[in-house]
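Asks: fold the following.
(one chain, ligands or ions: 1)
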Amino acid sequence: MYDFIIIGAGSAGCVLADRLSACGRYQVLLLEAGGSDKRFYVQMPIGYGKTYYQKAVNWMYTAQPSEGTQGRLSYWPRGKVLGGSSSINAMVFVRGNKQDFDDWAAEGNPGWSYEEVLPYFKQMESWQGGESPYRGANGPLKVSNPSHELHPLCDNFVSAGQEMGLEFNPDMNAGNQEGIGFYQLTTHKGQRMSAARAYLWRARSRSNLTVIKHAHVTRLLMDGKRVTGVEYSRKGQVTKVHAQREVLLSAGSVNSPQILMHSGIGPKKVLDQAGVTLLHHSPAVGQNLQDHLGMDYLYTSHVSTLNQQLRPWYGKLWQGLVYLLTRKGPLSLSVNQAGGFMKTRDKLNYPNIQLYFSPVSYTRAPVGKRPLLNPDPFPAFLLGLSNCRPKSRGQITITSNNPLQAPHIEPNYLSHEDDVQDLLEGVKFLRKMAAMPSFAKVIAKELRPGPECQTDAQLIDDIRSYAWTVFHPTSTCRMGPDTEHNVVDHQLKVHGLDGLRIVDASIFPQLICGNTSAACMMIGEKAAAMILAAEEGQV
Ligand SMILES: Cc1cc2nc3c(=O)[nH]c(=O)nc-3n(C[C@H](O)[C@H](O)[C@H](O)COP(=O)(O)OP(=O)(O)OC[C@H]3O[C@@H](n4cnc5c(N)ncnc54)[C@H](O)[C@@H]3O)c2cc1C
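Replies: Residues are numbered from 1 along each chain as shown. As a prediction, the model looks like this:
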């Protein structure tokens with residue numbers, strides 16, 4: 001019999017497994033549908049170009065067409081491996097904006113303001129820049145500052161941003177997020193620093209932690225309104241396990257609502273249509289789906305870019321040797337090397353656009369498909385952006401009572417006009433930035449969308465026909481006080497049920513300004529602290 005059962009070894013689940021097993025008093029079981037993360041393409045940073053389509057480590061979902069993106073389907077990679085999506089992501093380390101968390105708290109979630117979550121962000125990291133009032137230096141997650149290893153064109157990007165009036169920001173994870181600068185990465189000594197590497201690797205030798213890989217959780221077990229355990233399928237065999245204290249659902253924003261619905265917890269209408277017996281009506285399960293949408297503009301360059309290093313066979317061979325011998329070079333980095341946060345309108349109280357700079361390009365790759373080690377044969381780079389707090393809302397549902405069938409994902413991108421406006425203002429900014437002296441001297445021409453795309457109508461048409469997910473779905477089991485629009489309360493306990501908390505990206509009351517893995521790990525840290533405090537009788 002276990003005290004705690006954790007479902008999903010992703011960004012949040014690995015943190016829970018480590019923190020709950022650390023004191024030795026509790027028996028902890030971690031169930032993960034995927035397998036080991038000790039794979040070359042998971043550990044080598046640029047290997048995410050490969051794992052992006054690797055069934056062995058990736059759920060490889062397809063989201064339904066959205067009218068706002070001209071009926072295009074959308075490819076949704078999600079990690080299916082120890083470390084979850086933190087084992088296949090692009091490793092950009094961004095906490096989010098102070099205002100994001102203050103707004104979470106203001107929506108009726110005491111304990112989640114920036115000031116209150118900051119200690120968890122600090123305790124989780126070892127930031128290469130050292131300890132400060134905002135940064136931690138003793139946590140398990142190594143966060144690196146690769147600014148001296150980046151492609152020289154990153155300096156042109158930062159200077160062009162400054163010429164546009166943005167301030168250079170040496171640390172977007174400290175007090176002020178806005179401005180332009182170099183991205184910090186979840187890498188260490190040239191290798192990926194996933195949640196598994198940071199938290200799980202050190203915890204796995206503990207005798208009170210059991211990790212079962214390839215265990216696909218099919219449903220939660222209930223006794224009245226109490227969740228008592230979990231049923232999972234492994235190599236065709238179905239097993240039931242029971243938790244003495246709590247079940248912690250950390251399967252991510254796609255699979256956590258799916259598991260709830262297959263357990264009879266969710267909107268009555270969806271469950272009725274899928275043929276699942278309703279045990280607990282929770283109308284917000286799977287609702288409020290939000291995701292960041294990205295765009296990029298492609299420029300050919302007078303100077304060499306990563307294309308010249310990564311495209312030719314001899315370049316690949318050389319960079320491969322450099323990586324194997326020194327753990328340095330472009331294979332040890334993300335292709336998103338610099339970026340920033342900005343407001344396109346003064347009256348906003350948080351940035352609405354995140355900028356990205358990648359010194360590499362892929363004109364022949366279909367949208368969203370980037371063969372990282374096979375870029376264009378000519379020198380070129382990408383100037384990119386994504387929105388920060390989209391207002392469009394989608395949903396995740398189930399369409400049958402088979403828990404092994406993929407969930408039905410409807411992102412409903414660009415259904416809110418404000419999201420279109422944000423991206424329109426963002427791409428206009430990118431164009432002006434490309435014309436600034438620091439960029440003008442290196443840019444040969446704009447290849448995509450190209451100079452013929454000029455009017456607002458043309459730019460919007462390009463956005464609708466080109467924008468793609470940047471892989472940050474959240475909020476499908478929202479945290480908040482009212483049970484009509486939210487699934488969990490501020491302690492992450494499912495409204496109306498005992499013995500079940502949800503701990504992952506699905507609980508975000510609202511998407512944040514920035515990439516989502518760091519906030520998921522913070523949620524894991526805070527959840528573990530709340531659970532342990534409750535067990536010790538402090539709450
Ligand atoms: C390609 C890509 C690039 C990204 N780039 C970045 C980036 O650069 N920076 C950043 O901060 N964020 C990035 N993200 C987003 C970030 O990685 C995720 O938001 C974050 O990892 C989500 O954490 P989570 O704990 O909610 O879920 P996940 O980390 O996805 O973990 C969920 C886990 O649950 C398991 N699971 C699911 N269903 C079941 C089941 N039925 N039974 C058992 N186990 C199950 C999964 O296999 C997985 O291991 C990226 C994501 C992707 C996919």
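
Asks: tell me where the stretch 51-200 of the chain has strands.
Replies: Here the stretch 51-200 of the chain has its strands, by DSSP state E, counting those that start in this stretch, at 61-66, 72-76, 125-127, 141-143, 179-182, 187-188, 191-192.

Asks: could you dump these to TSV with mean pLDDT and mean neighbour count?
Replies: For glycine as for every other residue, the C-beta is placed from the backbone atoms N, C-alpha and C. Formatted as TSV, these follow (pLDDT from 0 to 100; neighbours: other C-beta atoms under 10 Å):
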stretch	mean pLDDT	mean neighbour count
strand 61-66	97	17
strand 72-76	94	18
strand 125-127	98	24
strand 141-143	98	24
strand 179-182	98	23
strand 187-188	97	20
strand 191-192	98	22
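
Asks: how about those strands, which one is nearest the ligand?
Replies: strand 72-76 (7.5 Å; C-beta to the nearest ligand atom).

Asks: dump the strands of the stretch 51-200 of the chain to TSV, plus distance to the ligand.
Replies: What follows is the strands of the stretch 51-200 of the chain, written out as TSV (distance: least, C-beta to the nearest ligand atom, whole Å):
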stretch	distance to the ligand
strand 61-66	10
strand 72-76	8
strand 125-127	13
strand 141-143	11
strand 179-182	14
strand 187-188	11
strand 191-192	11
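
Asks: now those strands in a markdown table, with distance to C513?
Replies: Listed next are these as a markdown table, based on distance: least, C-beta to C-beta, whole Å:
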| stretch | distance to C513 |
| --- | --- |
| strand 61-66 | 22 |
| strand 72-76 | 21 |
| strand 125-127 | 19 |
| strand 141-143 | 18 |
| strand 179-182 | 13 |
| strand 187-188 | 22 |
| strand 191-192 | 24 |
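
Asks: for G450, find the nearest of those.
Replies: With C-beta to C-beta as the measure, strand 72-76 is the member of the strands of the stretch 51-200 of the chain nearest G450 (19.9 Å).

Asks: adjacent strands (with direction) for the closest one?
Replies: Partners of strand 72-76 in the sheet, by DSSP bridges, are strand 61-66 (antiparallel).

Asks: tell me where the model's unsure across the protein.
Replies: For the chain, applying pLDDT under 70 flags the ranges 364-370, 538-539.

Asks: so which residues on the stretch 101-250 of the chain come close to the ligand?
Replies: Within the stretch 101-250 of the chain, the positions lying close to the ligand (C-beta under 6 Å from any ligand atom) are 215-217, 250.

Asks: for the residue nearest to L118 when sequence neighbours are not counted, what are its contacts?
Replies: Closest residue in space to L118, ignoring its immediate chain neighbours: Y134 at 7.2 Å, by C-beta to C-beta, 6 or more residues apart in numbering. By C-beta atoms under 8 Å, 6 or more residues apart in numbering, the contact set of Y134 is 118, 122, 171, 173-175.

Asks: just the buried residues from these, in PyMOL please.
Replies: Of the contacts of Y134, the buried ones go into a single PyMOL selection, burial set by 16 or more other C-beta atoms under 10 Å:
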select buried, resi 118+122+171+173
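
Asks: in helices only, show me the contacts of Y134.
Replies: When DSSP state H defines the helices, the subset of these inside them is 118, 122.

Asks: which of the contacts of Y134 lies closest to the ligand?
Replies: N173 (11.2 Å).

Asks: the residue of the chain found nearest the ligand: how many residues sit nearby?
Replies: Across the chain, no residue is closer to the ligand than G10, which sits at 1.7 Å (C-beta to the nearest ligand atom). Here the number of neighbours of G10 (other C-beta atoms under 10 Å) works out to 35.

Asks: where's A9, which helix or strand?
Replies: According to DSSP states H and E, A9 maps onto no helix or strand at all.

Asks: quick one: distance of the longest strand seen in the chain to the chain centre.
Replies: The single longest strand within the chain, with elements called by DSSP state E, is strand 237-249. Its chain's average C-alpha position is 26 Å from that of strand 237-249, according to C-alpha atoms, centre = their mean, to the nearest Å.

Asks: can you show me the CA trace of the helix or strand following that strand as CSV?
Replies: Remark: after strand 237-249, the chain's next helix or strand is helix 252-262, criterion DSSP H and E. In CSV, the C-alpha atoms belonging to helix 252-262 read as follows (Å, rounded to 0.1, in the frame of the first residue of the first chain):
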residue,chain,number,x,y,z
GLY,A,252,-0.3,17.4,-18.0
SER,A,253,-3.0,19.7,-19.5
VAL,A,254,-3.9,17.2,-22.3
ASN,A,255,-4.1,13.9,-20.3
SER,A,256,-5.1,15.1,-16.8
PRO,A,257,-8.6,16.1,-18.0
GLN,A,258,-8.7,12.9,-20.2
ILE,A,259,-8.0,10.7,-17.2
LEU,A,260,-10.6,12.5,-15.1
MET,A,261,-13.3,12.1,-17.7
HIS,A,262,-12.6,8.4,-18.2
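
Asks: what's around the residue lying closest to D291 once chain neighbours are set aside, how many residues?
Replies: Nearest residue to D291 in three dimensions, chain neighbours excluded: P473, at 4.6 Å (C-beta to C-beta, 6+ apart). Here the number of neighbours of P473 (other C-beta under 10 Å) works out to 27.

Asks: what does T344 give?
Replies: Counted with other C-beta under 10 Å, the neighbours of T344 add up to 17.

Asks: same check, this time on P312
Replies: Residues near P312, counting by other C-beta under 10 Å, number 12.

Asks: what's the answer for E167, then?
Replies: 13.

Asks: so who does the residue lying closest to it once chain neighbours are set aside touch?
Replies: Sequence neighbours aside, G179 is the residue nearest to E167 in space, at 4.3 Å (criterion: C-beta to C-beta, 6+ apart). Contact partners of G179, counting by C-beta under 8 Å, 6+ apart, are 166-169, 172, 340-342.

Asks: ok, so of these, who is nearest V81?
Replies: Checking those against V81 with C-beta to C-beta, the nearest one is M172 at 28.1 Å.

Asks: what distance do you get for that closest one to N515?
Replies: 11 Å (C-beta to C-beta, to the nearest Å).

Asks: overlap of the contact sets of these two?
Replies: Counting by C-beta under 8 Å, 6+ apart, the contacts common to M172 and N515 are V94.

Asks: for N307, what are its contacts?
Replies: 360-361, 375-380.

Asks: for it, which non-adjacent residue is spatially closest?
Replies: P375 (4.4 Å).

Asks: how many other residues sit next to the one you found?
Replies: Neighbour count of P375, defined by other C-beta under 10 Å: 29.

Asks: so it is in contact with Y362, correct?
Replies: Yes - if you go by C-beta atoms under 8 Å, P375 and Y362 touch, sitting 5.4 Å apart.

Asks: neighbour-wise, which one of the contacts of N307 leads?
Replies: Among the contacts of N307, P375 has the most neighbours (other C-beta under 10 Å), with 29 neighbours.

Asks: mind checking how far A33 is from G190?
Replies: From A33 to G190 the distance is 29 Å (C-beta to C-beta).

Asks: now D504
Replies: Distance from D504 to G190, by C-beta to C-beta: 28 Å.

Asks: so for these two, which residue has more residues nearby?
Replies: D504 (33 against 21).

Asks: and that one, how close does it get to I512?
Replies: Applying C-beta to C-beta, the value for D504 to I512 is 14 Å.

Asks: for P379, same thing?
Replies: From P379 to I512 the distance is 35 Å (C-beta to C-beta).

Asks: and T300, by the same measure?
Replies: Remark: distance between T300 and I512 (C-beta to C-beta) = 34 Å.

Asks: also P45?
Replies: Using C-beta to C-beta, P45 is found at 23 Å from I512.

Asks: I am finished for the moment; much appreciated.
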